[in-house]
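[1] Quick one: sequence plus predicted model below, questions after.
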Amino acid sequence: MDQIKVVIIGAGKRASEGYIPTIQTLSDRFHLAAIHDIDPDRAAAAGAQFDIPSYSNLEEMFSNVTADFAIIAVPALEIHQATMDTAEFDLHLLVETPISIDLASADQIARIAKIHNVKLEIAETYYRRPHERIKQLMIQEDVFGKINLAYCRFVGKGYHAASILRSYIGFDIPPVHVWGHQQDFQVQPHTQFPNATDKTDTECWQHGVIEFRDGRRAVYDFTTLSYGSPLRWHRSKATTEIYGEKGMCVGLEPMILNGDSKTHPIVIRRQETVIADVNVLEAYVAETKPKIVWENPFREYPLTDSQVALALCLTDLENAIRNDTDLEYGFLNARTDREIDLAIGASADNNGIGIEIL
């Protein structure tokens, strides 16, 4: 099988710590042809570090490099322009989150992808993480019955949380109303990020409620201190909860009634191996009857769980390109999750008034 040729737009942390190591580990499937950044020094540094051609001019790069798809890995405020510029070279696109800063810009990205007849996938990794995959599989196997309510705290910014919550309720169930609230609080002054020059002395809590067309709901809580702050447990203690007709799941601790009015915990076991000093997930196994197993499709590669989620994004687009198949997540889901995120903020800015979406 020929390698898929990839270029990366943006030479920041997301590229250097996420995409590049993952692509180079999957070198039997992907070839990293070049990296681009508008900052020539940053582009050159990434090129030297990873031994790949680097450019600061798109036209120059594509006059020298052939690629099948481009990864847009620039900061959020630059995603729209970088995607619009790159699409002009008729490349399939894997775009970082959020898809854009507003819905009008997101729709422009979708239109230009259609004009150039290219695939457009969004690199939403949160719901693709292995520990989420086993829960999604248990929901599909009806372990918990119909999911009535889903909840997450500290998981990530609104669009990330929306993707996880909708993966529990069902991506095919439209959200229809959103309510939001947020409030600032004073906290002990502290350094939130290692390289910060100023101390943080405030915290903003945001809360959102999402109602779906069939009446089910999802709830979201997030604090600005969940990123980096030593004052909060941040995302290492992120919580997701699923409440269904026949049982529930908090994190990776499910339980069901099993028809006898007694609580029956279900054990989820993590099976690992070590490859090149990396603890590699082989599978998650839920001790149901029969057992439910999610096998890591990349268990033969030295990839961390986070890199597995990125690899699922990459191979989703690879498969769509090779076989002209539909994308797993795609533009519509990315737009919906961003719409939920923006609506929570808009509701919070208007004293919690409900906002109708879709």
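    Looks like it arrived, so ask away.
[2] Contacts only, for the closest residue to D90 other than its chain neighbours.
    Excluding the flanking residues, the one nearest D90 by Cβ to Cβ, 6 or more residues apart in numbering is H116, at 5.2 Å. From N, CA and C alone the C-beta is placed, and that goes for glycine too. Counting by Cβ atoms under 8 Å, 6 or more residues apart in numbering, H116 touches A87, E88, D90.
[3] now swap in N57 and tell me
    H36.
[4] Check the gap between it and L94 for me.
    21 Å (Cβ to Cβ, to the nearest Å).
[5] pull the longest strand from the chain.
    strand 175-190 (DSSP state E).
[6] which residues touch it?
    Counting by Cβ under 8 Å, 6+ apart, 166, 199-213, 225, 229-231, 336, 340, 343-348, 352-358 sit against strand 175-190.
[7] just the buried members of those?
    Taking 16 or more other Cβ atoms under 10 Å as the criterion, what is buried in those is 166, 200, 203, 206-212, 225, 229, 336, 340, 343-345, 347-348, 355.
[8] quick one: which of these sit in helices?
    Among the buried ones among the contacts of strand 175-190, the members falling in helices are R166, T336, I340, A343, I344, G345, S347, A348 (criterion: DSSP state H).
[9] between those residues, which is nearest S306?
    R166 (20.7 Å; Cβ to Cβ).
[10] From D85, how far off is that closest one?
    In terms of Cβ to Cβ, R166 sits 30 Å off from D85.
[11] Pretty sure A320 sits in a helix.
    Yes. Looking at A320 with DSSP: H, G, I helix; E, B strand; the rest coil, it is inside a helix.
[12] Look up how far E96 lies from it.
    Using Cβ to Cβ, A320 is found at 18 Å from E96.
[13] Could you check which of the two has the larger neighbour count?
    Set A320 next to E96 and count neighbours by other Cβ atoms under 10 Å: E96 wins out with 26 against 19.
[14] re earlier: with respect to I256, which of the contacts of H116 is nearest?
    A87 (47.3 Å).
[15] Excluding chain neighbours, what is closest to that closest one?
    A87 sits nearest to I112 (Cβ to Cβ, 6+ apart), 4.6 Å away.
[16] Name the SS class of H80, please.
    helix.
[17] measure it to S163 for me?
    20 Å.
[18] Please report how far the residue in the chain sticking out farthest from the centre lies from K246.
    Of all residues in the chain, D260 has its C-alpha farthest from the mean position, at 38.2 Å, by Cα atoms, centre = their mean. Going from D260 to K246 by Cβ to Cβ gives 12 Å.
[19] what do you get for A15?
    A15 is 44 Å from K246, by Cβ to Cβ.
[20] Give me the secondary structure label for A334.
    Three-state call for A334 (three-state DSSP): helix.
[21] Could you report the neighbour count for the closest residue in space to it that isn't next to it in sequence?
    Spatially, and ignoring its direct neighbours in sequence, A334 is nearest to I122 (3.7 Å; Cβ to Cβ, 6+ apart). Residues lying near I122 (other Cβ under 10 Å) number 29.
[22] ok, I122 - contacts?
    L94, V95, E96, T97, I99, Y329, G330, F331, N333, A334.
[23] Pairing partners for it in the sheet, please.
    V95 (DSSP bridges).
[24] pLDDT on stretch 184-197, on average?
    Regarding stretch 184-197, the rounded mean pLDDT is 92.
[25] can you pull the buried residues of it?
    Per 16+ other Cβ under 10 Å, stretch 184-197 contains these buried residues: V187, Q192.
[26] With stretch 286-295 instead?
    Neighbour-count burial for stretch 286-295, counted by 16+ other Cβ under 10 Å, picks out A286, T288, I292, W294.
[27] Going by distance to K5, which of those residues wins?
    Using Cβ to Cβ, the buried residues of stretch 286-295 come closest to K5 at W294, 30.2 Å.
[28] ok so, going back, tell me how far the longest strand of the chain lies from the chain's centre.
    21 Å (Cα atoms, centre = their mean, to the nearest Å).
[29] Which neighbours in the sheet does it have, and how are they oriented?
    Assessed with DSSP bridges, strand 175-190 is paired to strand 200-212 (antiparallel), strand 355-356 (antiparallel).
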